[in-house]
Every structure is written in structure tokens, then in C-alpha cells.
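**Q** Show me the folded form of this:
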Amino acid sequence: MSPQIILPYISTLLLGSAGAFVASYLGLPAPYLVGPSACVTLGGLLGLRLAVPVLLRNAAFLSVGLSMGSGVTPEVLQAAAAWPASFAMVLVTTVLLLFVAYRILRSVFHYDGVTAMLAACPGHLSYVLSLAAGMKSDLPSVGIIQSVRVLALTLLVPLIVEVNGLATSETLGLPTAVGPLPLLLMALPAAILGFGLLRLRVPAALLVGGMLVSSFAHLGGLVTGPIPQWLQIPVYVVLGSMIGTRFSGVALADLRRALVAGIAVTVLAGSVSASMALLVSTALDVPLAAALIAFAPGGLETMAAMAVIMHADPAYVGTHHILRLVFLSVLMPLVLARRSRS
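**A** Next up is the predicted model:
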């Protein structure tokens, strides 16, 4: 592999690791995710070529899925009686966010209809950018607006949870982590399932594969305990670094043009999502930290990792985000086809 190819990988991982160290030293919430996100973003805006290897990214997604599944226990399922109502609310929130953000981007920022609809989509970034690349749209603006949303939520959600005292910081009495051999025995079938789902174009296929295998293993009593910290920490650093690379190579002129629109959409999305989360938490007796992360329209992998870091219920958070992404996979082609015809 030539130095031109490998140098962006090395630069990204060094920046991400440095950001994680600084954030941890400063005692920031979710430091191994927030620190790399901020540091790699800064590097990208300064003009550095940054990237995360596909193999490393896929391994991180798979590991997050395994971590999410470790929280799916018989006790968790017994407490899930109120989830159907919560699922319905997350779908209502998704539609509301999509169409209100669309109206703002059209009326206030004067984007064309297709670009506004793609930029307004509350999540599913890779899918949205794939759609944008195949349609007549302003792809850089879509990417910037969507990336501002993902980055802002990654930085702000743990801060809100921490500042309001919603996170559980207790570490005593936690179950013993999964050993290396059971972890490997889960990872192999999870990878096979994940790549199979990837061929079927399932959203976040590797994460879903990891979650399914780990969930069945924990529900069946074949495996007990969470994913070990020695694996979780580097996974969070990779995920945070990947979020930061969204800004790599973006011209400052393009960034300035779409930044205000991205901030406006993010404020809207955050306000509506937080309101819905508060409503669900109050009405259904769901912990507010879990509801905030579950309803935040950030990336599935990022919010799933956030749930684990902030000690929110990863099964509750993960299933809500998977449902939202599947729903968007069906909804977006329909609304875009109608938008293109009009």
C-alpha cells in the first residue's frame, strides 16, 4: 500500500487517539467518542486528508452490535411492554422532522426540492448520500448539512445527559466481561450474518448482525456479561474518528454556505426529538437518558455506542434507531420520486 493511501489512515487514527486522550483527561462525557469526533473534524477543516479504513470501520460496527446485544437479557424483555407505543412515537417524530426541516430548507434557505428533502432526512447518512449521488441535487450541501447534524448530536447528546444528571456513572457491581473465546465465537457468526444482510441492503447490516447474534447468545444463557473495555474503547475512538472525517476535503466556501442551514436543521431536530423523548419518558416511564438517545436523529452506530457509554438501555436505543432507519429506507424513495415528478 502506497504512502499516499496509508497516510490519511495514520493521520486520522493519531488525531482520534489524541482527541480521546485529551477528552478523557478533561473529564468530558463520552470522551472516547466526543474527543476523536472534535479533533478529527478540526483536522479536516484545516485541510488534512483523513479517512478510516473500511475494514476497521466494519469491525467497529460489528463490535458495537455485539455490545448492544449484550444488554438484551430476559429481564430487559420483561420490561419492554411499553415499547410498541414508543416505537409509534419514533415514527411520528421521524416524519415530523423530515417535513418540517424540508419546509425550512426550501422557504428560508431556498434549496431546490430534491436537495432540501435529502438534507432534511433525519438520519441514515450513508444511504442519503448514495441517493444524492444518483440524483440531480447539490451533493456537497447535502453532505455538509447532514454532517453538521451528526457531529452536533455526537457532541451534545452526552453533554446534555451528563449535565442533567441522567447518566449512571456507577461502575461497582457490574457483571464480569465476556472472555476472549466467547467473544470470538460470537464475532464469527455475527460477521457472516452481517455480510449476508449487507448483500440484502439491510441498513447498518454489520451492526444488526452483531446485535442479533449477541442478543440470542445472551438471551439463551450461552454468554453472560458485557463486551470488555479493552475492545470497547478503541471501537469508540474509531467511530468518533469516522464521524470527524465527514468534513475532510470540504472547501471552506462550501462549508460556510451550508453551515447555517445545517445548524438550523440540527436545532430543529434536537428540539423536536428532545420534546418527544420527554413526552415518551413521562408517559411510558422510560428512563429519560435512554429516550433522549433513542429519539436523537444521529447515526445508528454512534447513538448505539452512546447508549453503552452513557449506561442507557442499549436494546431500547438500538431497536428504535434500527426501526427509524428501516422506515426511512422505505419512505425516502417514495417522497423523492414524488418530489422529482413535481
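**Q** just checking, what packs against the helix or strand harbouring Met211?
**A** Here Met211 is covered by helix 205-219, with elements defined by DSSP states H and E. Using 3 or more Cβ pairs under 8 Å, 6 or more residues apart in numbering; DSSP states H and E as the contact criterion, the secondary-structure elements in contact with helix 205-219 are helix 54-69, helix 180-199, helix 300-309, helix 314-341. For glycine as for every other residue, the C-beta is placed from the backbone atoms N, C-alpha and C.
**Q** Go through these and find the least confident stretch.
**A** Comparing mean pLDDT across these, the lowest value falls on helix 300-309: a mean of 76.
**Q** With just CA atoms, put that helix into CSV.
**A** Included here for helix 300-309 are C-alpha records, laid out as CSV according to Å, rounded to 0.1, in the frame of the first residue of the first chain:
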residue,chain,number,x,y,z
LEU,A,300,-27.3,4.4,14.4
GLU,A,301,-23.8,3.2,15.2
THR,A,302,-22.9,6.4,17.0
MET,A,303,-26.1,6.5,19.1
ALA,A,304,-25.8,2.8,19.9
ALA,A,305,-22.3,3.4,21.2
MET,A,306,-23.5,6.4,23.1
ALA,A,307,-26.1,4.2,24.8
VAL,A,308,-23.4,1.9,26.0
ILE,A,309,-21.1,4.7,27.1
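**Q** Can you list the neighbours in contact with it?
**A** Contacts of helix 300-309 with the rest of the structure, by Cβ atoms under 8 Å, 6 or more residues apart in numbering, involve 30, 32-33, 60-61, 64-65, 67-68, 71, 123, 150, 153-154, 157-158, 203-204, 207, 226, 232, 235-236, 239, 243, 290, 293-294, 296, 298, 312-314, 316-318, 321-322, 325.
**Q** in stretch 85-102, what's buried?
**A** Neighbour-count burial for stretch 85-102 flags 86-87, 89-90, 93-94, 96-98, 100-102 (criterion: 16 or more other Cβ atoms under 10 Å).
**Q** cool, stretch 3-16 as well?
**A** Buried-residue list, stretch 3-16, by 16+ other Cβ under 10 Å: 8-9, 11-13, 15-16.
**Q** Next: stretch 242-253.
**A** Along stretch 242-253, the positions that meet the burial threshold by neighbour count (16+ other Cβ under 10 Å) are 242-248, 250.
**Q** Same check on stretch 309-327?
**A** In stretch 309-327, the ones that count as buried by 16+ other Cβ under 10 Å are 309-325, 327.
**Q** before we move on, what about stretch 183-202?
**A** By neighbour count with 16+ other Cβ under 10 Å, stretch 183-202 contains the buried residues 183, 185-187, 190-191, 193-194, 197-198, 202.
**Q** how about those residues in a markdown table, adding distance to Leu219?
**A** Putting these into a markdown table (distance: Cβ to Cβ, whole Å) gives the following:
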| residue | distance to Leu219 |
| --- | --- |
| Leu183 | 17 |
| Leu185 | 16 |
| Met186 | 13 |
| Ala187 | 18 |
| Ala190 | 15 |
| Ala191 | 20 |
| Leu193 | 16 |
| Gly194 | 19 |
| Leu197 | 19 |
| Leu198 | 24 |
| Val202 | 21 |
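**Q** Closest to Val260 out of the residues you listed?
**A** When the buried residues of stretch 183-202 are compared for distance to Val260, the smallest value, 34.9 Å, is given by Val202; criterion: Cβ to Cβ.
**Q** which non-adjacent residue is nearest the spatially most central residue of the chain?
**A** Residue closest to the mean C-alpha point of the chain, counted by Cα atoms, centre = their mean, is Gly299 at 2.3 Å. By the measure of Cβ to Cβ, 6 or more residues apart in numbering, the closest residue to Gly299 outside its immediate chain neighbours is Val150, 5.4 Å from it.
**Q** for the strand or helix carrying the one you found, packing partners?
**A** The secondary structure element spanning Val150 is helix 139-163 (assigned by DSSP H and E). Helix 139-163 sits against helix 31-45, helix 113-120, helix 125-133, helix 229-244, helix 252-284, helix 288-295, helix 300-309, with contacts defined as 3+ Cβ pairs under 8 Å, 6+ apart.
**Q** in the longest one, what's buried?
**A** Yep, that's helix 252-284 we're talking about. Of the residues in helix 252-284, those scored as buried under the neighbour-count criterion (16+ other Cβ under 10 Å) are 255, 258, 261-262, 264-266, 268-270, 272-274, 276-277, 280-281.
**Q** Spatially nearest residue to Met276 (excluding sequence neighbours)?
**A** Across the structure, with Cβ to Cβ, 6+ apart as the measure, the residue nearest Met276 apart from its sequence neighbours is Thr93 (4.6 Å).
**Q** Can you read off the pLDDT for the one you found?
**A** As summarised for this prediction, Thr93 has a pLDDT of 95.
**Q** what's the answer for Leu279, then?
**A** At Leu279 the predicted local confidence, pLDDT, stands at 95.
**Q** Distance check, the closest residue to it other than its chain neighbours against Ser275.
**A** Excluding the flanking residues, the one nearest Leu279 by Cβ to Cβ, 6+ apart is Met89, at 7.3 Å. Met89 sits at a distance of 11 Å from Ser275 (criterion: Cβ to Cβ, to the nearest Å).
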